[in-house]
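1. next come a sequence and a model predicted from it.
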Amino acid sequence: MTGVASLSWFVRHELNLAWRDWAALMSGGRALKNGAIVVGMIVFAAALHGLAYAVSKPFFGADAPTETTRLVMLTSGVLLTFTMMLSQAMESVTRAFYARDDLDLILSSPASSRDLFAVRISIMAITTAMMSGLMVAPFINVAAYLDGPHWLAGYGVVLAISGVATACAVLTVLWLFRSIGAKRTRLVAQITAAVVGAAFLIGIQVVAIFSYGTMSRWSVMNSDVVIENAPGIESLLWLPAHALSGDFASLILMLVLSGLFFAFAAFRGANQFRKLVVAALGVSDNSFSHVPTGATFQRRSTHRSVMRKEFQLLARDPWLISQTLMQLLYLVPPALMLWVSFGSKTGLSAIIAPVIVMAVGQLAGGLAWLAISGEDAPDLVATAPVGPRAMISAKVNAVLMIAVMVATPFVLAIALLSVWSAFVTFIGAVAAASCAIFIQLCFRAQAKRANFRRRQVASRTSTVCEAFATLLCAGTVGLWAAGNGLAVIPGCLTLCVLGIAWYLRPRKS
Amino acid sequence: MHERSHALEIINLHKSFTTPAVNDLSLTINVGEFYALLGPNGAGKTTTLRMVAGLLQPDAGEIRVCGIDAQRHPVDAKRLLAWVPDEPMVYDKLTPLEYLEFVAGLWDMDRDLARYKADELMTQLGLEDHVHQRCQGFSKGMRQKVALAGALIHEPQLIILDEPLTGLDAGSSRRVKSVLTDLVAGGVTVIMTTHILEVAERMAARIGVIARGELIAEGTLDELRQTSGRSDTNLEEIFLNLVDDGIARVATDGIAA
């Protein structure tokens, strides 16, 4: 490439786009002054460092774990970070193939698409490292503060595992393209990304439930079985843990291995980029789905018409289903807990009920966004001879119905243990769903359903309010199910969060 | 009580965003009239029509749809009108028939009538081969036709179209024009914005020209020729002349004020 289309020019262009994406993520898409972004970041970083200090302090205190336990815990931390990075990288790689933002321009230009995609993959690795690094950095910094600067080697480990994660993501997506074709790759890759992101945590919880009857993953990490069967300290398995602890040789080895693997994947991916992108664009352009039409033209009330439309749209969008139901993955551990411990633990429902309430609240929040803000034909709905209250009521009912349908099997299972707990769980699930819907109503903004993944970026306030409200509902239910009168405190705090959401809602001009 | 012979009355309409978008606009459109609203980009055409459709709240002024105060009785007004935006908004995951069924539900239509109208519109607009396909793979032109079918299924008295022919091929464009002409012949009122001046010249009974939020000229093609002082020229020349003069006049009035 020569002139303006040189590799360095494209690197600058991609870095510029990545920075703007990142700034948009931080600012929630609003035009903030640089100063506001910096202040926000400092506050956020301080909060994360405080949290990291609280979590890490015992690790370096008088009760510091033995060497093997320490290695197991560090390795599991690296694995957790790796699964997060892999999930994010798979999402980025898939988007690079299917989002046609600038692909038409790039592919129709005389620039080498191989070089351009090699740059794009590299930027993905950097952004993956940065995004996950944001969450990991406070722990590295706190460790360096408490135990010495050798822990700063953790930044090198983050870079190395982001290279491996991005390489794995590229090779997986290429393999999916070859195996199942361009049409199915997008959906499968995105579901895989979401499952991978949750798999490690949930997997350990499942092991903990079956082995120790508890959902705490630390019970597995610290268990005698794991410690006794762990390989010796010199094993290569502990390479990331040694590197993380500041062993220079291990760090260099990790960086070299990761660099080589990444270079191989980037080379393979870049070579096949044009062919696969053309295949992917062909799918999004020319796919006509032939379906027996469900239109029977039965006379329905407006309310039922809107609800039917919402159900149809959701049921026909496997990607949206996967994105919304992915939150239900977190219900797997409590469901297993119910099954394994059935009849043996009377207080069990008080532990599980909050998890169910949280999951249903989060699910309802996602669905409410889709129904209320993610309306693809807003003009049609707004010009229909239906009052806005009736329209919103139909949409809210559709969301509540799905939330109740999801919660019901769990509530029935709890009812076999304790009818009172089942009642409390049901009320809590409906309350959490209602809170999430209320917050979505407060912060409704017109958006395309395809932007579902970005909904949490669009309004940080609504995301935080939704998280706190469902968390507090869960807390209320947990205490209430256990018969603790203190349940009234998180209950009142939930109402406060709703009040804050109402107060902070954007005013219509 | 207002005259039922007026399909739309706009009286002293104002709307400002950061700057005035519509400024003291008044116009009256008769029942069964084909009215073209022309203007350069950013003139305030779409803002005006979105206020009529109830999608924007005016800062001041009145809007009456077939005599009904659209701000006091929005649901009654909406029952009589249909709005087709320039960017067709349909649901990707629904088939055209399912989309029409949803619209029929919103307007609370009788089942048999809705079914009959849906079949008729699919045929009239050349969509009969696509009734079992989801809209997600449709071209912009096909989506535009689905949106138009949605606007027509509930038999509105007033149809508001914002650039309805954009993205349509020649055959589709002819079909749409034919459907609209038939509707007007049957007493339906059509208001359309377009940048294709030949369409306005051929189809519209009256033409309004808007610039900087103000109506700068209105009338039949002959009346506009007289206004512009060019008796034997086409609409494009008249339009450009009127807009230049109008913008200059609006600017002068603004400075004087």
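-> Okay, I see it. Numbers count the residues shown, from 1 in each chain, chains lettered A, B, ... in the order given.

2. leaving out the residues flanking it, which one is nearest to the residue of the stretch 301-450 of chain A found nearest chain B?
-> Of all residues in the stretch 301-450 of chain A, the one sitting closest to chain B is residue A:305 (2.6 Å; Cβ to the nearest Cβ). In short, each C-beta sits where N, CA and C put it, glycine included. Sequence neighbours aside, residue B:105 is the residue nearest to residue A:305 in space, at 2.6 Å (criterion: Cβ to Cβ, 6 or more residues apart in numbering or on different chains).

3. again, but for residue B:157
-> residue B:80 (4.5 Å).

4. is it true that the one you found touches residue B:68?
-> Yes. The pair formed by residue B:80 and residue B:68 meets the contact definition of Cβ atoms under 8 Å, at 7.1 Å.

5. ok, back up a step: can I assume the residue of the stretch 301-450 of chain A closest to chain B is in contact with residue B:107?
-> No. Residue A:305 lies out of contact with residue B:107 (Cβ under 8 Å); the separation is 9.5 Å.

6. which one of the two has more residues nearby?
-> For residue A:305 versus residue B:107, the count of surrounding residues by other Cβ atoms under 10 Å in any protein chain shown is larger for residue A:305: 23 against 20.

7. separation between the more buried one and residue A:395?
-> 12 Å (Cβ to Cβ, to the nearest Å).

8. before we move on, what about residue A:108?
-> From residue A:108 to residue A:395 the distance is 41 Å (Cβ to Cβ).

9. among the two, which residue is more densely surrounded?
-> Between residue A:108 and residue A:395, counting by other Cβ under 10 Å, residue A:395 is the more crowded of the two (25 against 8).

10. which SSE is immediately downstream of the helix or strand harbouring that one?
-> In this assignment (DSSP states H and E), residue A:395 forms part of helix A:388-417. As assigned by DSSP H and E, the chain's next helix or strand after helix A:388-417 is helix A:419-442.

11. okay, that following helix in CSV with CA atoms only?
-> Extracted C-alpha coordinates of helix A:419-442, given in CSV (Å, rounded to 0.1, in the frame of the first residue of the first chain):
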residue,chain,number,x,y,z
VAL,A,419,-45.2,-22.9,50.2
TRP,A,420,-44.4,-19.7,52.1
SER,A,421,-41.0,-19.3,50.4
ALA,A,422,-42.6,-20.0,47.0
PHE,A,423,-45.1,-17.3,47.7
VAL,A,424,-42.4,-14.8,48.7
THR,A,425,-40.3,-15.8,45.6
PHE,A,426,-43.2,-15.2,43.3
ILE,A,427,-44.0,-11.8,44.8
GLY,A,428,-40.3,-10.9,44.7
ALA,A,429,-40.0,-12.0,41.0
VAL,A,430,-43.0,-10.0,40.0
ALA,A,431,-41.7,-7.0,42.0
ALA,A,432,-38.3,-7.2,40.5
ALA,A,433,-39.7,-7.5,37.0
SER,A,434,-42.0,-4.5,37.7
CYS,A,435,-39.1,-2.4,39.0
ALA,A,436,-37.1,-3.2,35.9
ILE,A,437,-40.0,-2.3,33.7
PHE,A,438,-40.7,0.9,35.6
ILE,A,439,-37.0,2.0,35.2
GLN,A,440,-37.2,1.2,31.5
LEU,A,441,-40.3,3.3,31.2
CYS,A,442,-38.5,6.2,33.0
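
12. next, the angle from it to helix A:388-417.
-> If you take axes from the mean of the first three to the mean of the last three Cα atoms, to 10 degrees, helix A:419-442 sits at 160 degrees to helix A:388-417.

13. pLDDT on helix A:419-442, on average?
-> Helix A:419-442 carries an average pLDDT of 92.

14. check stretch A:353-368 too.
-> Rounded mean pLDDT across stretch A:353-368 is 88.

15. can you pull out the strands in the stretch 101-250 of chain B?
-> B:158-162, B:189-193, B:206-211, B:214-219 (DSSP state E, counting those that start in this stretch).

16. give the contact list for residue A:267.
-> Neighbouring residues of residue A:267 by Cβ atoms under 8 Å, 6 or more residues apart in numbering or on different chains: residue A:118.

17. so for it, what's the pLDDT?
-> Confidence for residue A:267, expressed as pLDDT, is 89.

18. what about it, which helix or strand?
-> Counting by DSSP H and E, residue A:267 is found in helix A:248-286.

19. next, the buried residues of that helix.
-> A:250-251, A:253-255, A:258, A:261-262, A:265-266, A:269-270, A:272-274, A:276-277, A:279-281, A:283 (16 or more other Cβ atoms under 10 Å in any protein chain shown).

20. residue A:74 - nearest residue in space that isn't next to it in sequence?
-> residue A:241 (3.9 Å).

21. a helix runs through that neighbour, doesn't it?
-> Yes. Counting by DSSP: H, G, I helix; E, B strand; the rest coil, residue A:241 is located in a helix.

22. hmm, it is touching residue A:68, no?
-> No. At 10.3 Å, residue A:241 and residue A:68 do not qualify as touching, with contact defined as Cβ under 8 Å.

23. so which of the two has more stuff around it?
-> residue A:241 (22 against 16).

24. any idea how far the residue of the stretch 1-150 of chain B found nearest chain A lies from residue A:392?
-> Closest contact between the stretch 1-150 of chain B and chain A, by Cβ to the nearest Cβ, is at residue B:105 (2.6 Å). Relative to residue A:392, residue B:105 is positioned 16 Å away (Cβ to Cβ).

25. likewise residue B:157?
-> From residue B:157 over to residue A:392 (counting by Cβ to Cβ), the distance is 27 Å.

26. now residue A:156
-> Relative to residue A:392, and taking Cβ to Cβ, residue A:156 is found at 52 Å.

27. contact residues of the stretch 101-250 of chain B facing chain A?
-> Counting by Cβ under 8 Å from any Cβ of the partner chain, the residues of the stretch 101-250 of chain B close to chain A are B:101-112, B:114-115, B:118, B:131-134, B:136-137, B:147, B:150.

28. that older thread, just how off-centre is the helix holding residue A:395 within its chain?
-> 23 Å (Cα atoms, centre = their mean, to the nearest Å).

29. likewise for stretch A:267-285?
-> For stretch A:267-285, the distance to the chain centre is 26 Å (Cα atoms, centre = their mean).

30. only alpha carbons, please: show it as PDB.
-> What follows is stretch A:267-285, C-alpha atoms only, in PDB (Å, rounded to 0.1, in the frame of the first residue of the first chain):
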ATOM      1  CA  PHE A 267      -2.300 -14.300   9.500                       C
ATOM      2  CA  ARG A 268      -4.900 -17.100   8.900                       C
ATOM      3  CA  GLY A 269      -7.800 -14.700   9.600                       C
ATOM      4  CA  ALA A 270      -6.500 -11.900   7.500                       C
ATOM      5  CA  ASN A 271      -6.000 -14.200   4.500                       C
ATOM      6  CA  GLN A 272      -9.600 -15.500   4.600                       C
ATOM      7  CA  PHE A 273     -11.100 -12.100   5.500                       C
ATOM      8  CA  ARG A 274     -12.400 -11.000   2.100                       C
ATOM      9  CA  LYS A 275     -14.000 -14.400   1.200                       C
ATOM     10  CA  LEU A 276     -15.800 -14.800   4.500                       C
ATOM     11  CA  VAL A 277     -16.900 -11.200   4.700                       C
ATOM     12  CA  VAL A 278     -18.400 -11.400   1.200                       C
ATOM     13  CA  ALA A 279     -20.200 -14.600   2.300                       C
ATOM     14  CA  ALA A 280     -21.500 -12.900   5.500                       C
ATOM     15  CA  LEU A 281     -22.700  -9.800   3.600                       C
ATOM     16  CA  GLY A 282     -24.500 -12.100   1.100                       C
ATOM     17  CA  VAL A 283     -26.400 -13.700   4.000                       C
ATOM     18  CA  SER A 284     -27.500 -10.400   5.500                       C
ATOM     19  CA  ASP A 285     -28.500  -9.000   2.100                       C
END
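
31. number of nearby residues for residue A:157?
-> 27.

32. same thing with residue B:75?
-> The burial count for residue B:75: 15, using other Cβ under 10 Å.

33. residue A:389 is in contact with that one, correct?
-> No. Residue B:75 sits out of contact with residue A:389 when judged by Cβ under 8 Å, with a separation of 11.0 Å.

34. sweet, I'm off.
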